[in-house]
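Participant: With the sequence up front, the predicted model follows.
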Amino acid sequence: MEYQVPQFIEVEDKIIGTLTLKQFIYIAGAGGLCVVFFVYLPIVLAFLFSAPTVGLAVALAFYKVNGKSFIEMLEAGFNYYTGAKLFIWKHKDPSAKEQNVAAAAAAAATEAARPVRGAPKLTRGKLSELAWSLDVNPVGGNSSNLES
């Protein structure tokens, strides 16, 4: 039995004319707010407040940034500016005490890296011989235990 798989599911349905429901709500909300401005405020202030309101509504309804709606971009910007930020490195000039401590730590690291006198060196031949002896005669038992 064959089933049809829906395609273009990310496309919103046009509900009111050529507008989706979200677009209609943005435009209708801005229109209602502009009506309130013109009824209760002097004409100059009404135009002053209505222009940004209409611009924001048009941007929310129709403007897309890199395929994402403007409201998603506003949300991402808001979350970025209000969220905690992790600073990995901030440059500051070290004090004299910190420089002395860093120099002492570097000297101790170079001293620890030097080979100790009298310690046996592990050469490639000795290492392969040790590996062969462990393969042939494992520690903690004989090779017959491995076969069974």
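Facilitator: Received it, and whenever you're ready, just let me know what you need. Numbers count the residues shown, from 1 in each chain.
Participant: ok, now how distant is Ser69 from Gly125?
Facilitator: Summarising the geometry, the distance separating Ser69 from Gly125, computed by C-beta to C-beta, to the nearest Å, is 69 Å. Just so you know, the C-beta spots here come from the backbone N, C-alpha and C atoms, and that holds for glycine as well.
Participant: same question, Asn100
Facilitator: Computed with C-beta to C-beta, the distance linking Asn100 and Gly125 is 45 Å.
Participant: Break down the protein into its strands, ranges please.
Facilitator: Secondary structure of the chain (DSSP state E): strands at 14-16, 19-20, 64-65, 68-69.
Participant: In TSV: those, plus mean neighbour count.
Facilitator: Output for those, formatted as TSV (neighbours: other C-beta atoms under 10 Å):
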stretch	mean neighbour count
strand 14-16	12
strand 19-20	16
strand 64-65	12
strand 68-69	14
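Participant: now those in TSV, with mean pLDDT and distance to Asn79?
Facilitator: Output for the strands of the chain, formatted as TSV (pLDDT from 0 to 100; distance: least, C-beta to C-beta, whole Å):
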stretch	mean pLDDT	distance to Asn79
strand 14-16	80	29
strand 19-20	88	24
strand 64-65	90	15
strand 68-69	90	14
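Participant: Nearest to Ser95, out of those strands?
Facilitator: Shortest separation from Ser95 across the strands of the chain is recorded for strand 64-65, at 45.9 Å, computed as C-beta to C-beta.
Participant: Give the rounded mean pLDDT of stretch 132-148.
Facilitator: In this model, stretch 132-148 has a mean pLDDT of 60.
Participant: so where is the chain shaky, pLDDT-wise?
Facilitator: Low-confidence segments of the chain (pLDDT under 70): 90, 115-116, 118-120, 137-148.
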